[in-house]
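[1] only the shape, not the letters, is given here:
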């Protein structure tokens, strides 16, 4: 497992790239309603806040398992957000 700093960077990069992809979609589809795309951005920001709070939690018993679970959660939620972007019509 990489260190905490790398995990925070991964969270930032993954969710930042997802938000950027939504902005690109919005730019390419100026004629479409942006309510769904803005909801994806809001969800990405909420996910970021939630994951960073978990990374910064001090009261963990098994740190290695805790950070591995955060990494898995990042991957799962990131894929779900990407699927939502792909479904934007």
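    Done, it's in. No experiment lies behind these values; they were computed from the predicted model shown. Residues are numbered from 1 along each chain as shown.
[2] and residue 43, how many neighbours?
    Each residue near residue 43 was counted by other CB atoms under 10 Å, and the total is 16. (Glycine included, C-beta is placed from N, CA and C.)
[3] now it: closest residue in space, sequence neighbours ignored.
    Using CB to CB, 6 or more residues apart in numbering and skipping residues adjacent in sequence, the residue nearest residue 43 is residue 81, 6.4 Å away.
[4] surely that neighbour is in contact with residue 17?
    No - in this structure, residue 81 is not within contact of residue 17 by CB atoms under 8 Å, at 10.0 Å.
[5] hmm, back to that, tell me which element the residue nearest to residue 43 is part of?
    Under the assignment given by DSSP states H and E, the secondary-structure element containing residue 81 is helix 63-87.
[6] which one's more surrounded, residue 81 and residue 17?
    Neighbour comparison, residue 81 and residue 17: the larger count goes to residue 81, with 21 against 13 (by other CB under 10 Å).
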